[in-house]
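Engineer: got a sequence here, can you model it:
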Amino acid sequence: MTLFLLVRHALTDVTGKRLSGSLPGFHLSAEGQEQAERLAERLRPVRLTAIYSSPLERCVETAEAVAHGRSLQVRRLPDLDEVGYGQWSGRSLAQLARTSLWKRLQQAPSSVRFPGGETLSEVQGRTAAALESIASRSPRGVIAVVTHADVIRLLLAHFAGIHIDLFQRLTVSPASVSALVLGDRIPRILRVNDTGSMADLALAAERIAARAAASASPNGDDRKRFSTGRARRRP
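Structural biologist: Numbers count the residues shown, from 1 in each chain. Coordinates of the predicted model:
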């Protein structure tokens, strides 16, 4: 089994205002840098085995904050890139909201191809294939994947069996963590849009490490099912 921590990048100066898409040059704002540092501290108890990132600066900078103090390099993976919004990239959300295509996007997003860009089904296909490829190479890994809000929502919808037309019901905040296990017969979503304690994910990571060690020993038993304990809520 592979535990994925799906991390949305921290804030930029245009987050929530402009559709930056795959355009380069959008870096973390001062507030975003602070968010990334807090994210790294929240993830500190979790023993990561690899960190992957969308190639865009805002994701790489967030991933580098998570990697700081760990003996891990950020691996940039093009298949984790933002949705290809095509001609919409760089335009303000207020401007786009006045278009007829935006209205169709809210009603039936699966039917939309962005002008000169991708469909959401294509994005979902390439990003899900990327995770499954990583899982096949790291069957007992704990992998941080730093990417974009719509990418994470599409991945969660895919592995939860939710139709793309309903994916916008999911919320993925800046610097949030969603957790997903692949390889335990069926996909298991452990957490969505978490911005708090990582204690139970640290426990899940330790259990995966323990199973990996057990399977490597002559008497190891790799047949136990994966389970996670519920973290006690702090007062």
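
Engineer: in the protein, which spans are strands?
Structural biologist: Ranges of strands in the chain, per DSSP state E, are 2-8, 50-53, 74-76, 142-147, 177-182, 188-194.

Engineer: nearest to G125, out of the ones you listed?
Structural biologist: Closest to G125 of those, according to CB to CB: strand 142-147, at 14.8 Å. All C-beta atoms are positioned from the backbone trio N, CA, C, and that covers glycine.

Engineer: ok, which of the strands of the chain comes nearest L155?
Structural biologist: Closest among these, once you apply CB to CB, is strand 2-8, at 6.3 Å.

Engineer: that closest one pairs with which strands?
Structural biologist: As defined by DSSP bridges, the strand partners of strand 2-8 come to strand 142-147 (parallel), strand 177-182 (antiparallel).

Engineer: can I get the strands of the chain in CSV including mean pLDDT and distance to L23?
Structural biologist: Listed next are these as CSV, based on pLDDT from 0 to 100; distance: least, CB to CB, whole Å:
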stretch, mean pLDDT, distance to L23
strand 2-8, 98, 18
strand 50-53, 98, 17
strand 74-76, 98, 16
strand 142-147, 98, 16
strand 177-182, 97, 25
strand 188-194, 96, 25
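
Engineer: quick one: which of those strands is nearest L201?
Structural biologist: strand 177-182 (5.9 Å).

Engineer: about what we covered before: make a markdown table from the strands of the chain and add mean neighbour count to it.
Structural biologist: Below are the strands of the chain laid out as a markdown table (neighbours: other CB atoms under 10 Å):
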| stretch | mean neighbour count |
| --- | --- |
| strand 2-8 | 26 |
| strand 50-53 | 22 |
| strand 74-76 | 17 |
| strand 142-147 | 26 |
| strand 177-182 | 22 |
| strand 188-194 | 17 |
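
Engineer: can I get these in a markdown table including distance to L39?
Structural biologist: What follows is these, written out as a markdown table (distance: least, CB to CB, whole Å):
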| stretch | distance to L39 |
| --- | --- |
| strand 2-8 | 7 |
| strand 50-53 | 12 |
| strand 74-76 | 14 |
| strand 142-147 | 9 |
| strand 177-182 | 8 |
| strand 188-194 | 10 |
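
Engineer: looking at those strands, which is closest to K17?
Structural biologist: Nearest to K17 among those is strand 2-8; the distance by CB to CB comes to 16.2 Å.

Engineer: mind checking the strands paired with strand 2-8 for the one nearest to G16?
Structural biologist: Nearest to G16 among the strands paired with strand 2-8 is strand 142-147; the distance by CB to CB comes to 17.2 Å.
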